[in-house]
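A.B. asks: need coordinates for the following:
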Amino acid sequence: MFQIISDGGSDFSKEEIAVHGIEVVPFYVNFGDAFLKVGVDITTEEFFNRLTAEKGIFPKTSQPNPHDYIEVCEPYLQKDQDIILFTISSKLSGSHNSAMVAANILKEEYPDRKIVVIDSLNGSVAQGLILREMIKMRDAGYTLERTATLTEAVMKTTRVYFTLDTLEYLKRGGRVGPTTAFVGGVLGLRPILQLENGEVSQLDNVRGKKNVLRLIEEALVGALSDEKENVNISIGHIFSEKEAMTFKASLESALGIQIDTPITEVGATIGAHAGPGALAFAYCKKYESLEGGV
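C.D. replies: The predicted model follows:
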């Protein structure tokens, strides 16, 4: 059986990591004093508490370096296990490049072992959904090669949408200008964002969070009604668990299904630019439904 190693962009909880027997290579955050490993030196809750409390400071996030990947991978290679490395979109972070550098170094030292690096072209709850499909394939006894092939197919069916409570954190990070953020705040506009081809793009600006959530639910129901038995859905949040739970219950009722994926706490990698109050929605096809076409 091969080992699955993901970077921290997948937003898996420590409990899920332990249950599924995967490894996670964390990202770093820096509030201007020191680089801290997310989930090791600072918890997600502590990160967002500092983010909201320290208004004059915008934390920087930094990808794992090649040494971080080597440190996690090497014990498995020494036990003659092959590895899949799964990263956040290469268009959002240098984590994928670090994984590639590490893999090339390790392949020279362990030429008999297979190391496959997969760029998810996603992040957060969407990356986590794809990772769950990969775990299911591993646990079902699929080979590394077949798992990698089907994972690529799952990725092509994956969609993820975000909405934010405020544009303040995008402004702090230079993603939008101060005028746009100010006008958005005055008018009560909330952006609906998506990841498309691995990059963030804006779908719409909508006044009022209730309208945003209504439109997203309508879009999901329209897209998934005929495929609801063949898809997995995930909902994530930043300090908005009650809203996430309410949305999940409403979507379950509208689709007539139960969403099995646990509600996810969005981590620092995406959360640094999204801020508290953000909500994320993702879906992908189950790998079983794609078997015949790959």
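A.B. asks: every contact and neighbour count from this point should use C-alpha atoms.
C.D. replies: Noted.
A.B. asks: what about the strands in this protein?
C.D. replies: Under the criterion DSSP state E, strands of the chain are mapped to 3-7, 23-25, 28-30, 35-37, 60-62, 83-87, 115-119, 159-163, 189-196, 199-207, 231-237, 264-265, 279-285.
A.B. asks: looking at those strands, which is closest to residue 44?
C.D. replies: strand 264-265 (8.3 Å; CA to CA).
A.B. asks: just checking, what packs against that closest one?
C.D. replies: In terms of contacts (3 or more CA pairs under 8 Å, 6 or more residues apart in numbering; DSSP states H and E), strand 264-265 is packed against strand 231-237.
A.B. asks: what segments of the stretch 151-294 of the chain are helices?
C.D. replies: Taking DSSP state H, counting those that start in this stretch as the test, the helices found in the stretch 151-294 of the chain are 168-172, 178-187, 209-224, 241-255, 268-274.
A.B. asks: lowest average pLDDT across those?
C.D. replies: Lowest mean pLDDT within these: helix 178-187, at a mean of 39.
A.B. asks: domain-wise, how is the chain divided?
C.D. replies: 3-156, 159-293 (automatic domain parsing).
A.B. asks: what's the end-to-end length of the shortest one?
C.D. replies: Distances were taken as CA to CA, to the nearest Å; on that basis the terminal residues of domain 159-293 are 19 Å apart.
A.B. asks: swap in stretch 36-50?
C.D. replies: 13 Å.
A.B. asks: which parts of that stretch are buried?
C.D. replies: Using 16 or more other CA atoms under 10 Å as the test for burial, stretch 36-50 gives 36, 37, 38, 39, 44, 47, 48.
A.B. asks: what does that stretch rub up against?
C.D. replies: 8, 26, 27, 28, 29, 30, 267, 268, 275, 276 (CA atoms under 8 Å, 6 or more residues apart in numbering).
A.B. asks: circling back to that earlier point, so which of the helices of the stretch 151-294 of the chain is the most surrounded?
C.D. replies: helix 268-274 (a mean of 23; mean count of other CA atoms under 10 Å).
A.B. asks: so what touches that helix?
C.D. replies: Against helix 268-274 from outside (CA under 8 Å, 6+ apart): 8-9, 27, 29, 38, 44, 47-48, 51, 59-61, 123-124, 164, 166-167, 169-170, 173, 238, 278.
A.B. asks: what do you get for stretch 2-11?
C.D. replies: Residues contacting stretch 2-11 (CA under 8 Å, 6+ apart): 22-27, 38, 64, 73, 76, 81-88, 95, 123-128, 131, 135, 138, 143-144, 264-267, 269-270.
A.B. asks: contacts only, for the residue nearest to residue 285 when sequence neighbours are not counted.
C.D. replies: Nearest-residue entry for residue 285: residue 231, 4.2 Å, with adjacent residues in sequence omitted and distances by CA to CA, 6 or more residues apart in numbering. Contacts for residue 231 were tallied using CA under 8 Å, 6+ apart; they are 224, 283, 284, 285, 286.
A.B. asks: circling back: got TSV for the strands of the chain, with distance to residue 245 and mean pLDDT too?
C.D. replies: TSV is the format used below for the strands of the chain (distance: least, CA to CA, whole Å; pLDDT from 0 to 100):
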stretch	distance to residue 245	mean pLDDT
strand 3-7	26	98
strand 23-25	26	97
strand 28-30	28	94
strand 35-37	29	94
strand 60-62	28	90
strand 83-87	27	98
strand 115-119	30	98
strand 159-163	15	93
strand 189-196	19	83
strand 199-207	21	81
strand 231-237	9	97
strand 264-265	10	94
strand 279-285	11	97
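A.B. asks: closest to residue 293 out of the ones you listed?
C.D. replies: strand 279-285 (12.7 Å).
A.B. asks: who does the closest one pair up with?
C.D. replies: Next to strand 279-285 in the sheet, as set by DSSP bridges, lie strand 159-163 (antiparallel), strand 231-237 (antiparallel).
A.B. asks: coming back round to it: need the helices of the stretch 151-294 of the chain in JSON lines (columns: distance to residue 102).
C.D. replies: Listed next are those as JSON lines, based on distance: least, CA to CA, whole Å:
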{"stretch": "helix 168-172", "distance to residue 102": "31"}
{"stretch": "helix 178-187", "distance to residue 102": "39"}
{"stretch": "helix 209-224", "distance to residue 102": "38"}
{"stretch": "helix 241-255", "distance to residue 102": "37"}
{"stretch": "helix 268-274", "distance to residue 102": "21"}
